[in-house]
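Participant: sequence first, predicted model second:
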Amino acid sequence: MRHVRRVLDLSREEILHLLSRALELKKRMKSGIPHRPLVGRVMALIFEKPSTRTRVSFEAGMQRLGGTTIFLSRNDLQLARGEPLSDTARVLSRYVHAIVVRTFGQEVVEELARYAEVPVINGLSDKHHPCQAMSDVMTVIEKKGDIRHLKVAWVGDGNNVAHSWMEMAARLGFELWLACPEGYDPDPDILNEVLKIAEKPIRIVRDPQKAVKDADVINTDVWASMGQEEEAEERRRIFAPYQVNAELLRHAKPDAIVLHCLPAHRGEEITEEVLEGPQSVVWDQAENKMWLHMALLEWLLR
Ligand code: CP
Ligand code: NVA
């Protein structure tokens, strides 16, 4: 039984399998070939933060594969009244075949996984967003082919999505440059871990132009993540030089693609012009979350 608490829970071969399977499922199922290997399987989703893409793509993906889902906010569970995570995990394991969790602390994901008798999938914590980075890389491969020959730039906060991208870079062996303002670097423990296994450079710089120079892929995310709302104003000031705009794009390769996991704040981390422009792949990127989740569920629950 396997958990996906973070990208590093998976081997390179397992990630490559999921990426190619997701692309295959997308092609096959869009051409109308039915595929329902998960009939009779039930998945619970425990979400302590809002979600459009992750929730709906996991639920829709599970249902397209023949399974069913139960969505639970924290307030729906006795967790809200203090029942321990360990008890919740063991009880839910008797009813469902997998649990997706979106929460604040990574320790919640770890604790659920420790006690669950079914796979636990991290659907975003403050530290990691593994399924996001996997479907993002799927989108890069779909658009550009083998990612190992590409330079990827991350512009902005060294946050949960950035951490999962760093782990993808280490596992798959591609070059990743992160431009973050001082004080907003990725977690040093995660950085040390990925540097130990990375075959290609993973570099943190202050200058966004340096990070995107000749890049094939430019990736950004909100300046204030969920739970950081009270820092939003200060962050808007500090991150202002880190906006992904047409001027910054000029330093990348002319055919570079722009990713954003969404939701986007137009005029903050990305301009309307770039988000809606010809280099943006954000809608395909959002769609691919569903196909990647389907490949993951098929693999975990087969
Ligand atoms: N990208 C992403 O995880 O979006 P949601 O917050 O809508 O799930
Ligand atoms: N870093 C963002 C990602 C949202 C999908 C957040 O945690 O709010």
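Facilitator: Thanks, I have it. Ligands and ions are numbered 1, 2, ... in the order given.
Participant: list the contacts for the spatially most central residue of the chain?
Facilitator: Residue closest to the average C-alpha location in the chain (Cα atoms, centre = their mean): residue 132, at 1.7 Å. Neighbour list for residue 132: 54, 124, 161, 164, 261, 289 [criterion: Cβ atoms under 8 Å, 6 or more residues apart in numbering]. From N, CA and C alone the C-beta is placed, and that goes for glycine too.
Participant: any idea which element it lies in?
Facilitator: If you go by DSSP states H and E, residue 132 is part of helix 130-144.
Participant: toward the C-terminus, what is the element adjacent to that helix?
Facilitator: strand 151-155.
Participant: so what are the sheet partners of that following strand and their directions?
Facilitator: In the sheet, strand 151-155 lines up against strand 175-179 (parallel), strand 217-220 (parallel) (DSSP bridges).
Participant: could you tell me which residues of the stretch 1-150 of the chain lie near ligand 1?
Facilitator: Contact residues (Cβ under 6 Å from any ligand atom) of the stretch 1-150 of the chain with ligand 1: 51-55, 124, 132.
Participant: just the buried subset of the residues you listed, please.
Facilitator: Buried residues within these, counting neighbours by 16 or more other Cβ atoms under 10 Å: 51, 53-55, 124, 132.
Participant: which of those residues fall within strands?
Facilitator: Among these, no member falls in strands (DSSP state E).
Participant: nearest to residue 66, of those residues?
Facilitator: Closest to residue 66 out of these is residue 55 (19.1 Å), distances taken as Cβ to Cβ.
Participant: JSON lines for the strands paired with strand 151-155, including mean neighbour count, mean pLDDT and distance to residue 194?
Facilitator: Formatted as JSON lines, these follow (neighbours: other Cβ atoms under 10 Å; pLDDT from 0 to 100; distance: least, Cβ to Cβ, whole Å):
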{"stretch": "strand 175-179", "mean neighbour count": "23", "mean pLDDT": "98", "distance to residue 194": "9"}
{"stretch": "strand 217-220", "mean neighbour count": "28", "mean pLDDT": "98", "distance to residue 194": "16"}
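Participant: how near is residue 48 to residue 103?
Facilitator: 5 Å (Cβ to Cβ, to the nearest Å).
Participant: make that residue 296, sorry
Facilitator: Per Cβ to Cβ, residue 296 is found 18 Å from residue 103.
Participant: more neighbours, these two?
Facilitator: Looking at residue 296 and residue 103 with other Cβ atoms under 10 Å, you find the greater number of neighbours at residue 296, namely 27 against 21.
Participant: pLDDT score for that one?
Facilitator: With respect to pLDDT, residue 296 scores 98.
Participant: how about stretch 225-233, does it reach ligand 1?
Facilitator: No: using Cβ under 6 Å from any ligand atom, we find that stretch 225-233 stays clear of ligand 1, coming within 7.5 Å at best.
Participant: contact partners of that stretch?
Facilitator: 49-50, 104, 126, 157, 159-160, 223-224, 235.
Participant: would you convert those residues into CSV that also reports secondary structure, distance to residue 149 and neighbour count?
Facilitator: Below are the contacts of stretch 225-233 laid out as CSV (DSSP: H, G, I helix; E, B strand; the rest coil; distance: Cβ to Cβ, whole Å; neighbours: other Cβ atoms under 10 Å):
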residue, secondary structure, distance to residue 149, neighbour count
49, coil, 36, 18
50, coil, 37, 11
104, coil, 37, 14
126, coil, 33, 20
157, coil, 27, 26
159, coil, 26, 24
160, helix, 27, 26
223, coil, 30, 25
224, coil, 34, 20
235, helix, 34, 20
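Participant: want to throw the residues you listed into TSV with pLDDT?
Facilitator: Formatted as TSV, the contacts of stretch 225-233 follow (pLDDT from 0 to 100):
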residue	pLDDT
49	98
50	97
104	98
126	98
157	98
159	98
160	98
223	98
224	98
235	98
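Participant: of these, which are in range of ligand 2?
Facilitator: 159-160.
Participant: which among the contacts of stretch 225-233 gets closest to ligand 1?
Facilitator: Using Cβ to the nearest ligand atom, residue 50 comes nearest to ligand 1 of those, at 6.5 Å.
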